[in-house]
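**Q** Build me a model from this:
(chains A, B, C and D)
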Number of protein chains: 2
Amino acid sequence: MTTEAAIIHSPIWRSPITSADRVLHEIQRAIVAGDIAAGSKISEPELARRFDVSRAPLREALARLERCHLIERTPNAGSRVVTLSTAGLQALYQIREELEGLACRLAATNMDEHEIEQLRQLLDQHLTSQRVREGESYYQEAGDLDFHYRIIMGSKNPYLINMLCDELYFLVRMYRVQLGMNGPRVSRAFDEHKAIINAIANRDGELADLLMRRHIAASRGNIESKLQQLGK
Amino acid sequence: MTTEAAIIHSPIWRSPITSADRVLHEIQRAIVAGDIAAGSKISEPELARRFDVSRAPLREALARLERCHLIERTPNAGSRVVTLSTAGLQALYQIREELEGLACRLAATNMDEHEIEQLRQLLDQHLTSQRVREGESYYQEAGDLDFHYRIIMGSKNPYLINMLCDELYFLVRMYRVQLGMNGPRVSRAFDEHKAIINAIANRDGELADLLMRRHIAASRGNIESKLQQLGK
DNA sequence: TTTAGTTTAATTGTCGACAATAAAATTGAT
DNA sequence: ATCAATTTTATTGTCGACAATTAAACTAAA
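**A** Take a look at the predicted model:
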């Protein structure tokens, strides 16, 4: 999957050379996957031992985990992993709709032909790999996220890229992964993606914006129903 | 001025109990004011001595300064204060338009009558204090920012509040302060503010959104002309 | 004189220990 | 037995020193 490649950029990620980066990477993965339970308290000494680092780089990592809304820190009290809720999901997706809509509008004018072509190719290979393994659509997940990443990059707006990819998307992934969002929306999402690409290729930013908002709203609806289906 | 009060909230600010918070506060002020020059390199040992703290809380502060886009860090290389540019201003204000537009739409449905009344009062006292001291409109600056803060808070969306107030607004203030944005747009801004409040009071989110976008676009135009007027 | 390579110096990243604060446990009183 | 106050424990925040990396200075060769 190419998701990993798409994630690499700017402040939060750089290349995991430093040990703070490494431990950040691992904890992010653990929280998103639910290995560190949502709502659980975080013990600095414990995590430091667990990932075999001192508290200094660990705290650096915690600072950045707070930045991408995966934990909440209160001074002199400690950190907690965030909890997933309907209200939180709605607040998150309100922003996402708005910012990714903007990303589409900007991408429609700022992406060059080559980038658009690459986006098309991504969608194609995405389609074939999905047809091959119909049930196991973790790859679909990754492919979908990759699609969104590309468009966000295509906006060429550094602040927008930073906010969406570094600060919001981990939480989005956390909702999707922990609620088992892998199922039936696959083929419909393909069509929506295709339509968005066409709009961008036609340099119709307004339309791409509108389609992206609908696409995200639909995605939110899905997660929302799953959320209240599982209580809370 | 009430700006200080409006700033206090959520992750970045809490109450400056810890020394990392204190030094963050001071450095933010220094960078926004230009006391630490834009584009200059940051020396951790030097700043640590200057603000009389160890490097540990200083680095905590640097992490949060990166978060609000006032410095840029590269691993093993150090930190630089950001530089102001037309491209950066445009990218920043693209986001601002979008998010504050959203804030207006949300505020139109989420602010209660009391909050709207307070907003009206703010504008009035803002008007009188401006008529008193026509030339020195630093207070106007603060008043304007306060106006925007209130609406953002009125959206009741925690992510939106965090992004705008904690991550974007320091940079906005940096542009305004360092380019001496205090002058002639005062009375026009009043009318625009008034119109936005009316739209919100009428629960007309669409209109408030539109007006806010125009208001911010006008503000950007002002700063933009000043920027290229001073070279670069 | 310029450029490449090497050495030196300075800066950043990390560590372990201590201080200050908050949570937990214990004690005492009603 | 319950609640309040106090002691104890544990956790977070801070410090100074060391290790690793990078940038600067210097030397030497073309």
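
**Q** Excluding residues flanking it in the chain, which one is nearest residue A:151?
**A** residue A:107 (5.0 Å; C-beta to C-beta, 6 or more residues apart in numbering or on different chains). Yep, even glycine has a C-beta here, placed from its N, CA and C like the rest.

**Q** typo on my end, residue A:171
**A** Here the residue nearest residue A:171, using C-beta to C-beta, 6+ apart, is residue A:69, at 5.0 Å.

**Q** just residue A:42 next, same as before
**A** In space, and not counting its chain neighbours, residue A:42 is closest to residue A:79: 4.1 Å by C-beta to C-beta, 6+ apart.

**Q** What's opposite that neighbour in the beta bridge?
**A** In this entry, residue A:79 is beta-bridged to residue A:42, residue A:73, by DSSP bridges.

**Q** List the residues that contact it.
**A** Residue A:79 makes contact with A:41-42, A:44, A:62, A:65-66, A:71-73, according to C-beta atoms under 8 Å, 6 or more residues apart in numbering or on different chains.

**Q** how about residue A:116, what does it touch?
**A** Contacts of residue A:116 (C-beta under 8 Å, 6+ apart): A:197, A:200-201.

**Q** wouldn't residue A:80 be in contact with residue A:71 here?
**A** Yes. Here residue A:80 reaches residue A:71: they are 6.4 Å apart, a contact under C-beta atoms under 8 Å.

**Q** ok, now which ones touch the most far-flung residue of chain A relative to its centre?
**A** Computed with C-alpha atoms, centre = their mean, the residue of chain A farthest from its C-alpha average is residue A:76, at 30.2 Å. Contact analysis of residue A:76 by C-beta under 8 Å, 6+ apart lists B:17-18.

**Q** After the strand or helix carrying residue A:128, heading C-terminal, what element do we hit next?
**A** Assigned by DSSP states H and E, residue A:128 belongs to helix A:113-132. The first helix or strand that comes after helix A:113-132 along the chain, using DSSP H and E, is helix A:138-154.

**Q** What residues of the following helix or strand past that following helix count as buried?
**A** The first helix or strand that comes after helix A:138-154 along the chain, using DSSP H and E, is helix A:158-161. Neighbour counts over helix A:158-161 (16 or more other C-beta atoms under 10 Å in any protein chain shown) mark A:158-161 as buried.

**Q** want to throw those residues into JSON lines with distance to residue B:29 and pLDDT?
**A** Shown next, in JSON lines, are the buried residues of helix A:158-161 (distance: C-beta to C-beta, whole Å; pLDDT from 0 to 100):
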{"residue": "A:158", "distance to residue B:29": "24", "pLDDT": "97"}
{"residue": "A:159", "distance to residue B:29": "22", "pLDDT": "97"}
{"residue": "A:160", "distance to residue B:29": "27", "pLDDT": "98"}
{"residue": "A:161", "distance to residue B:29": "28", "pLDDT": "97"}
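
**Q** Now residue A:202. Its backbone dihedrals?
**A** phi -80, psi 0 (degrees, to the nearest 10).

**Q** Show me where chain A has its helices.
**A** Remark: helices assigned in chain A by DSSP state H are A:3-7, A:10-13, A:19-33, A:44-50, A:55-67, A:86-110, A:113-132, A:138-154, A:158-161, A:169-178, A:186-201, A:205-229.

**Q** now the third one: how far from the chain's centre is it?
**A** Pointing back at helix A:19-33 there. 15 Å (C-alpha atoms, centre = their mean, to the nearest Å).
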